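Visitor: Build me a model from this:
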Amino acid sequence: MSYSDEEDGAVTRPIVINPDDVPPARVGTPIPHGPTPAAVVGTVLAVLLLVVGLAFAAWQVGDDAPKPAPTPTLNAVTPVDEEVLQWREMPVPGWDAALDRLWLACEEGQLQACDELAAEAPQKSAYRGFAETCGGRRSPSGERCG
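Guide: Have a look, this model is predicted:
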């Protein structure tokens with residue numbers, strides 16, 4: 001049997017492979033093939049995504065632990081005796097509007113107002129006594145409140 005090339009009409013013979021010419025290791029052995037580069041990249045990305053997801057989940061679960069409430073820290077306060085506390089309960093004297101405003105500001109915790117009240121109030125007045133205790137917050141010491 002012969003084959004002809006259509007273009008030039010030349011006669012060619014069919015290619016015949018002799019099994020004796022093929023090395024024995026190749027006969028019947030499948031061609032080795034590994035994972036494709038796309039499969040390797042996909043696997044690496046999937047593992048990386050899984051690790052990041054687990055780390056994030058662990059971080060979120062760790063955040064759910066109750067946190068202790070912060071301990072309020074105010075200025076160091078020394079114990080105050082009952083005589084000083086009377087100033088906290090005393091009503092505003094009411095005979096001087098400017099001193100009354102300072103009294104109320106001092107009572108609300110504006111310590112600078114306590115200092116101003118002590119400076120402007122008459123000696124031995126309720127205004128002065130209230131201001132010298134920083135609005136009933138400490139014993140009179142002669143020191144400034146603010």
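
Visitor: what's the helix or strand where residue 45 lies packed up against?
Guide: Using DSSP states H and E, residue 45 falls within helix 37-63. Contact partners of helix 37-63 among helices and strands, from 3 or more CB pairs under 8 Å, 6 or more residues apart in numbering; DSSP states H and E: none. Heads up, the C-betas are built off the backbone N, CA and C, glycines and all.

Visitor: Where does pLDDT dip in this protein?
Guide: Along the chain, the model assigns pLDDT under 70 to residues 1-12, 19, 22-32, 62-66, 70-92.

Visitor: Can you show me the helices along it?
Guide: 37-63, 82-89, 97-107, 111-120, 126-132 (DSSP state H).

Visitor: which of those is buried the deepest?
Guide: helix 126-132 (a mean of 22; mean count of other CB atoms under 10 Å).

Visitor: who touches stretch 110-126?
Guide: 90, 93, 98-99, 102-103, 105-106, 127-128, 130-132, 134-135, 144-146 (CB atoms under 8 Å, 6 or more residues apart in numbering).

Visitor: Try it again at 7 Å.
Guide: With contacts defined as CB atoms under 7 Å, 6 or more residues apart in numbering, stretch 110-126 is touched by 90, 93, 99, 102-103, 105-106, 127-128, 131-132, 134-135, 144-146.
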